[in-house]
Each structure stands twice: as structure tokens, then as C-alpha cells.
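1. sequence isn't available, so here's the structure alone:
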């Protein structure tokens, strides 16, 4: 489990929520999903912190640090926490 238990793990997000992307494997852009049910849309964001290379999925439409969107087969609710979308678990070397 991720140290922040208020987040859904990357694996749980994919398996339980039924994440899907564009047929090309790319993230959706707003024009692709603007007319989809909003409770199936999650915005993928960069944390904005260089020390944290993780990406997160936030239920609904967001614009800050947005990388794109994904859809889920299962709708989210008001109590649904954010999810880890990409866990950067690589060791970061300090700049030389």
C-alpha cells in the first residue's frame, strides 16, 4: 500500500476501476471526452514537484498540472479518493 492511505494504489485503480485509454494507448484530451459522463472521467496530473515523479488520477475534470485524461468503466463518487496513476519508483540521482 502507498504510504498515503488516502490514495488508491496504481494496481487497484487499473483493476477495480477499469481504466481505459485511447485505442493508441495515449491519454484522452478534453475534446475526446467532453461529452462523456463526468463520473467516468479522471484527470491525470503531474505532482509539480521534481522530487516526486509520480502521476496522479483525480476524479473529474481538472486543469492544473494536467497531462491528459483517462476513462473508467466504474463511476467514481464524491467519496472516491485520488489514485496513483504512475508510481515513479526509480532511484533519482542528484544532478552532477
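-> That came through, no problem. Predicted, not measured: the structure shown is a model, and the values here were computed from it.

2. any regions of the protein where pLDDT drops low?
-> Along the chain, segments meeting pLDDT under 70 span 1-5, 50, 89-96.

3. pairing partners for the spatially most central residue of it in the sheet, please.
-> Geometric centre of the chain, nearest residue: residue 57, 2.1 Å, by CA atoms, centre = their mean. Beta-bridge pairing for residue 57 (DSSP bridges): residue 44, residue 83.

4. please report how far it lies from residue 86.
-> 9 Å (CB to CB, to the nearest Å). For the C-beta atoms, the positions are set from N, CA and C on the backbone; glycine is no exception.

5. do residue 17 as well
-> 15 Å.

6. higher neighbour count, the two?
-> residue 17 (22 against 14; other CB atoms under 10 Å).

7. all strands for this structure, in order.
-> Remark: strands assigned in the chain by DSSP state E are 19-20, 41-46, 55-59, 66-72, 83-86.

8. brilliant, that's me finished.
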